[in-house]
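Asks: Give me coordinates for this.
(2 chains)
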Amino acid sequence: MAEIRILAVDDSPTMRRIIVNSLKKAGFSNVTEATDGKDALAKMKVDSYDFIITDWNMPEMDGMTFVTNIRALSEFKKIPILMVTTRSVKDDIVEAIKVGVNNYIVKPFTPETLKEKIEQVLAGA
Amino acid sequence: MQDQVVTTERPNQFSEKLRQELEKLTGSINEIMRNIRMMQNPIAESREKLPIANDQLDKVSAQTEKATHRMLDMVEQIIAHQEKIVQFADHLAGFFNRSRARDRDLCREQVDHIREIAAVSQDNAFLIMDALQFQDITAQQMQHASTLLMDIELRMRQLMAAFEGREVPELEARISKALAYDPDADLFNGRDQREVDAIVSGITAKK
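Replies: Down below sits the predicted model:
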């Protein structure tokens, strides 16, 4: 199986480092980082990605606006998206799935949970 | 219909009583104004301290982030060293397989032991890394506290302006800081991942 290209979107440099290391442990080493939705959209115009991991609360463009924007574009309609956020209110989770998020992780998370959810999303995609 | 004052007193007596009442009222108003003037200074002083409190929160947030990154540097180094130890152990195992040493089995056992220790040690390093997620969560909590302080400061400005008879500043104008944080972010009392999974499964099953 070809190595999947992951775009990790989070405004926290700490979280980006933890996500990148957790992905590496899970066997995913082709990871690009973006600081918010706006930065991620700019990167997606230049390079192609197979999987997106995004935070919710970010400056410039938050995760929900980012997901709504990319789902509106035909080329990204089916790209797998995993949301990793501190937001754990039921209505938020429901809203995220409605706008097009494939699965949802609450922070703090473990590398095992991250691996499990990526595999679940990829299996269902 | 307007209320009428009904009195049996003579006009002079009535106007004297009214004058006395007005004097008392004037005294009370002056007393209230004096109290308000006395309150102005402490309010102004408190308002001046709020940006300092805000700066302190920003400082704590920045220094915690810096310290977290130092710890991440060390954890990444530990993980890299563990990977090297496993590589050396694999290399040694290959060497023992080729050797004619009588104690080959014992050596293999030792190599397996090194691998086990390295794996446990690497798992522990990842546990430290997981724990460092606290920085992202506490940073969001501090951003929330900072926004609340800004809100209090603005309300105090409004109060001061009202006391001094100046134009009251708009409340919304200064609370323009982007909401790039979760006000309910919680390190220990957030929802369990299993509960989240159940919610997600419930929604996707309905689709």
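Asks: residue contacts, A:Ala40?
Replies: A:7, A:9, A:34, A:52, A:54, A:66 (Cβ atoms under 8 Å, 6 or more residues apart in numbering or on different chains). Any C-beta I mention is one placed from the backbone N, CA and C, and that applies to glycine too.
Asks: Once you drop chain neighbours, what's closest to the last one?
Replies: Read it as A:Phe66. In this structure, A:Phe66 finds its nearest non-sequential neighbour in A:Gly37, 2.9 Å apart by Cβ to Cβ, 6 or more residues apart in numbering or on different chains.
Asks: thinking that neighbour is in contact with A:Thr54, fair?
Replies: Yes - here A:Gly37 reaches A:Thr54: they are 7.4 Å apart, a contact under Cβ atoms under 8 Å.
Asks: joint contacts of those two?
Replies: A:9, A:63, A:66.
Asks: burial measure for B:Gln77, as a count.
Replies: Neighbourhood size, B:Gln77 [other Cβ atoms under 10 Å in any protein chain shown]: 11.
Asks: For the helix or strand harbouring B:Ile117, which residues meet the burial criterion?
Replies: Assigned by DSSP states H and E, B:Ile117 belongs to helix B:104-131. For helix B:104-131, a neighbour-count test (16 or more other Cβ atoms under 10 Å in any protein chain shown) marks B:107, B:111, B:114, B:118, B:122, B:125-126, B:129-130 as buried.
Asks: Of the residues you listed, which ones also sit close to chain A?
Replies: B:126, B:129-130 (Cβ under 8 Å from any Cβ of the partner chain).
Asks: Pull up the residues of chain B that are close to chain A.
Replies: B:65, B:68-69, B:72, B:75-76, B:79, B:126, B:129-137, B:139-140, B:178-182, B:184-187, B:190-193, B:196, B:199-200, B:203-204.
Asks: Could you turn the buried ones of those into a ChimeraX selection?
Replies: What follows is the ChimeraX syntax for the buried subset of those, where burial is set by 16+ other Cβ under 10 Å:
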select /B:65,68,72,75,76,79,126,129,130,132,133,134,135,136,137,139,140,180,181,182,185,186,190,191,193,196,199,200
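Asks: how close does the spatially most central residue of chain A sit to chain B?
Replies: Centroid-nearest residue in chain A: A:Ile53, 1.3 Å away (criterion: Cα atoms, centre = their mean). According to Cβ to the nearest Cβ, to the nearest Å, A:Ile53 and chain B sit 14 Å apart.
Asks: confidence score at that residue?
Replies: pLDDT for A:Ile53: 98.
Asks: give the contact list for the closest residue to chain B within chain A.
Replies: Scanning chain A for proximity to chain B using Cβ to the nearest Cβ identifies A:Ser88 as nearest, at 3.5 Å. Shown in contact with A:Ser88 (Cβ under 8 Å, 6+ apart): A:106, B:184, B:190-191, B:196.
Asks: Now the residue in chain B positioned nearest to chain A: closest residue in space, sequence neighbours ignored.
Replies: Minimum separation of chain B from chain A (Cβ to the nearest Cβ) falls at B:Arg191, amounting to 3.5 Å. Excluding its sequence neighbours, the residue lying closest to B:Arg191 (Cβ to Cβ, 6+ apart) is A:Ser88, at 3.5 Å.
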